[in-house]
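Participant: When you get a sec, could you give me coordinates for this:
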Amino acid sequence: MRALYLPIIFVAGLLGTHAAYADLRFGPASLDDSYFKLQKDSGALASLTGGTGGVLVLKPRRYGTDKAAAFRTILDQIDSTKDWKAREALTALGYDALYASEFVGKGDKRTHVTSVAVFHKGQMMALTLLDVGYRGKKRLQSKFGDLLASLRFDGGDAEALTPSGGQTLDGFYASIGAKTGLDALAQVSLEVGAKGLWLTADGRFALTESGMMGGDMDGFCQPRPKVCGRYAVRDGVFTKWRVATGQQETLRLLGRKAEPIRMAGDSIVLGKSKYLRIAPSADLRLSGQYRLLKAGARTDAGGTRSTSTVETVYGFAPDGRFFKGGYVSGFSTSPTTAIGVWTDRARRKGTYRIDGYKLTLRYEDGDAQEIAFFMFDDVPVIGGDMHEKLD
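Facilitator: Below you'll find the model as predicted:
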């Protein structure tokens, strides 16, 4: 094993005295974090400490044209015997990055290493977290993620935050395909239904199976970071970056996925999926009854089998009135008993309004409800579920 860049013997030195900082500069780049502290700065390399581990910082330098080869040089200097698996990502501020994790050493000298190389305008800066004995685990990685998220280069925003030379898309699109949902017994199931894709002209996207609840992308994404990210369209390729794994969420990195894209009128085709552009509604009125039917089954450890069916029916009138009803049925069998039930759901009435991508229900008893809504090929999608017309 070679140890030119990160000599493991140097790890012990990371845990010595240090000075706090709020804004630390490394040439054209800066870091801002209250957890890690500057311990040593010597030439091209600096060390930070925090908790049970430390961070080695390779200061910004020119890397040439091959990002993967430049990062591989760093990883080989950590341990050339490891099968490092470098993954592409974006930092929280939109800089291109490569990252990899491995255990180095054995026994009480075992160190968990997470190395991230960040690129901007021909320069590379590398931050490597050393978790001695892997005692810090997720907490230390999370603090390292905060540090990565604070990294900013001088000279303007990251390229990914200011896309140029590519195509921009704007609007809400929907497709039919496999998605996860809940069956009648509240179990996670795989089902076929409508899937939404929300795109903005500034390069952001959100995956939404229930549709949009408004026009505020920030408000939608803040509580749902795993379904949101950034995209770019160049040379017939749609590339998106989003948090797709637990480690990416902890490190605050966005993973990368690319697939071919082509335009088909107002629709787009991503890979093998066609997404129709869905225009927002403006005081849309419906006429008729629409039904959603869900079923579920399970068998417990004692051999009892339970099945259930839940029907939800909406009735809409052109004058703005509606009702909501349906039924619930269940059947349970065991080696000794069999029980079946059927219950009509109380029909509730009121008025409705459909605007934008939202259905607002106002019940006669004073209750109100807002549900994500859009029309897909004349089929209403209410709360992410497609409802069939009964009449």
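Participant: quick one: residue 63 and residue 239, what's the gap?
Facilitator: Distance, residue 63 to residue 239, by CB to CB, to the nearest Å: 21 Å. C-beta coordinates here come from the backbone N, C-alpha and C atoms, glycine included.
Participant: Likewise for residue 344?
Facilitator: As judged by CB to CB, residue 344 and residue 239 stand 51 Å apart.
Participant: More neighbours: the two, which one.
Facilitator: Using other CB atoms under 10 Å as the criterion, residue 344 and residue 239 rank with residue 239 on top: 17 against 11.
Participant: which one is residue 89 nearest to, not counting chain neighbours?
Facilitator: In space, and not counting its chain neighbours, residue 89 is closest to residue 253: 4.1 Å by CB to CB, 6 or more residues apart in numbering.
Participant: residues touching that neighbour, list them.
Facilitator: Going by CB atoms under 8 Å, 6 or more residues apart in numbering, residue 253 touches 89-92, 97, 99, 116, 145, 148, 243, 247.
Participant: The same query, at a cut-off of 7 Å, please.
Facilitator: Residues counted as contacts of residue 253 (CB atoms under 7 Å, 6 or more residues apart in numbering) are 89-91, 97, 99, 148.
Participant: Which ones among those residues lie within strands?
Facilitator: Applying DSSP state E to those, the entries found in strands are 89-90, 97, 99.
Participant: Just the endpoints, please. Distance across stretch 107-124?
Facilitator: Start-to-end span of stretch 107-124 (CA to CA, to the nearest Å) is 33 Å.
Participant: ok, now stretch 81-92?
Facilitator: Using CA to CA, first and last residues of stretch 81-92 are 31 Å apart.
Participant: In three-state terms, how would the residue of the chain most remote from its centre be classified?
Facilitator: Farthest-out residue of the chain from its mean C-alpha position, per CA atoms, centre = their mean: residue 336, at 47.3 Å. Under the three-state scheme (DSSP: H, G, I helix; E, B strand; the rest coil), residue 336 adopts coil.
Participant: Return the backbone torsion pair for it.
Facilitator: phi -120, psi -20 (degrees, to the nearest 10).
Participant: Next, the residue nearest to the spatial centre of the chain: secondary structure please.
Facilitator: In the chain, the centroid-proximal residue (CA atoms, centre = their mean) is residue 226; its distance is 1.9 Å. The three-state label given to residue 226 by three-state DSSP is helix.
Participant: Now that it has come up, it's in contact with residue 248, right?
Facilitator: No: Residue 226 lies out of contact with residue 248 (CB atoms under 7 Å); the separation is 9.1 Å.
Participant: Would you check which pair of the ones in strands among the contacts of residue 253 lies furthest apart?
Facilitator: Farthest apart among the ones in strands among the contacts of residue 253 by CB to CB are 90 and 99. That separation is 10.7 Å.
Participant: At which residues are the strands of the stretch 251-391 of the chain located?
Facilitator: In the stretch 251-391 of the chain, the strands defined using DSSP state E, counting those that start in this stretch lie at 254-264, 267-270, 273-277, 281-284, 288-299, 305-316, 321-333, 338-356, 358-363, 368-376, 379-382, 385-386, 388-389.
Participant: can you redo these as a markdown table with distance to residue 126?
Facilitator: Below are the strands of the stretch 251-391 of the chain laid out as a markdown table (distance: least, CB to CB, whole Å):
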| stretch | distance to residue 126 |
| --- | --- |
| strand 254-264 | 18 |
| strand 267-270 | 33 |
| strand 273-277 | 37 |
| strand 281-284 | 50 |
| strand 288-299 | 50 |
| strand 305-316 | 54 |
| strand 321-333 | 57 |
| strand 338-356 | 45 |
| strand 358-363 | 46 |
| strand 368-376 | 43 |
| strand 379-382 | 46 |
| strand 385-386 | 47 |
| strand 388-389 | 55 |
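Participant: Any chance of these in JSON lines with distance to residue 140 and mean pLDDT as columns?
Facilitator: Formatted as JSON lines, the strands of the stretch 251-391 of the chain follow (distance: least, CB to CB, whole Å; pLDDT from 0 to 100):
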{"stretch": "strand 254-264", "distance to residue 140": "21", "mean pLDDT": "90"}
{"stretch": "strand 267-270", "distance to residue 140": "37", "mean pLDDT": "93"}
{"stretch": "strand 273-277", "distance to residue 140": "39", "mean pLDDT": "93"}
{"stretch": "strand 281-284", "distance to residue 140": "48", "mean pLDDT": "93"}
{"stretch": "strand 288-299", "distance to residue 140": "40", "mean pLDDT": "90"}
{"stretch": "strand 305-316", "distance to residue 140": "44", "mean pLDDT": "92"}
{"stretch": "strand 321-333", "distance to residue 140": "48", "mean pLDDT": "92"}
{"stretch": "strand 338-356", "distance to residue 140": "44", "mean pLDDT": "91"}
{"stretch": "strand 358-363", "distance to residue 140": "42", "mean pLDDT": "96"}
{"stretch": "strand 368-376", "distance to residue 140": "38", "mean pLDDT": "92"}
{"stretch": "strand 379-382", "distance to residue 140": "43", "mean pLDDT": "92"}
{"stretch": "strand 385-386", "distance to residue 140": "42", "mean pLDDT": "90"}
{"stretch": "strand 388-389", "distance to residue 140": "52", "mean pLDDT": "93"}
